[in-house]
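[1] quick one, fold the following:
(chains A and B)
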Amino acid sequence: DAKTTQPPSMDCAEGRAANLPCNHSTISGNEYVYWYRQIHSQGPQYIIHGLKNNETNEMASLIITEDRKSSTLILPHATLRDTAVYYCIVRVVDPWTNAGKSTFGDGTTLTVKP
Amino acid sequence: ETGVTQSPTHLIKTRGQQVTLRCSSQSGHNTVSWYQQALGQGPQFIFQYYREEENGRGNFPPRFSGLQFPNYSSELNVNALELDDSALYLCASSLDPRARAGVTNEQFFGPGTRLTVL
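    Residues are numbered from 1 along each chain as shown, chains lettered A, B, ... in the order given. Sure, this is the predicted structure:
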């Protein structure tokens, strides 16, 4: 199973962009990169995902390197409410059986400061 | 559209007992996965249920078992509880991406059940 590596913690000033890196050097061709965040031990909240192209939605942007061995989640204008643990995971779903598995690391604790 | 719900929110058991946790998937989602999250760690995949059968399992012993019902809701059962089973148990639902065009398989998580084993 592909594993992910993230820095344990990061700080960001309110209003600035938060760039959260993730290493997934053992990712296989059919595994997607997903990002979730978790606030105060609530259930993880889905942010964004991608396979090999860069993706953007209303919450964030996801930049995946060409070799797919790493990615960066970008929160363009961080707010205090973005303080959370951010998880980068790899997820594969068997297209024949729908069998799926998500492998979480320990995440990055992002602290947005005023 | 209702989100993923779990019950109970908190539970205290003693070592050796058995526990059942429940999950209702998001409306229309036919796949349910269970995760264990120890304090300070990321969630660890326990297993996944689809069409009322287990179709994926992580590195957890057989005393962790589950069920899925025709309405896609699910149960997680843990027998012979150990102190290390104390954790937040998360349920996540998703939709089989083969169900219709344009569907992707992101998981939506419930709020979790906090289990304490004394």
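[2] for the rest of this, base every contact and every neighbour count on C-alpha atoms.
    Noted.
[3] buried residues in the lowest-mean-pLDDT helix or strand in chain B?
    Counting by mean pLDDT, DSSP states H and E, chain B has its least confident helix or strand at strand B:53-57, which shows a mean of 90. Neighbour counts over strand B:53-57 (16 or more other Cα atoms under 10 Å in any protein chain shown) mark B:Glu54, B:Asn55, B:Gly56, B:Arg57 as buried.
[4] ok, stretch A:67-81 next?
    Neighbour count says stretch A:67-81 has A:Arg68, A:Ser70, A:Ser71, A:Thr72, A:Leu73, A:Ile74, A:Leu75, A:Ala78, A:Thr79 buried, by 16+ other Cα under 10 Å.
[5] with stretch B:10-19 instead?
    B:Lys13, B:Val19.
[6] CA atoms only for it, dumped as PDB, please.
    What follows is stretch B:10-19 as a C-alpha-only set of coordinates in PDB (Å, rounded to 0.1, in the frame of the first residue of the first chain):
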ATOM      1  CA  HIS B  10     -19.700   8.000  23.200                       C
ATOM      2  CA  LEU B  11     -19.400   4.600  24.800                       C
ATOM      3  CA  ILE B  12     -17.600   3.200  27.800                       C
ATOM      4  CA  LYS B  13     -16.900  -0.500  28.100                       C
ATOM      5  CA  THR B  14     -14.700  -2.800  30.100                       C
ATOM      6  CA  ARG B  15     -12.100  -5.200  28.900                       C
ATOM      7  CA  GLY B  16     -13.500  -8.400  27.600                       C
ATOM      8  CA  GLN B  17     -16.900  -7.000  26.700                       C
ATOM      9  CA  GLN B  18     -18.400  -6.800  23.200                       C
ATOM     10  CA  VAL B  19     -19.600  -3.600  21.500                       C
END
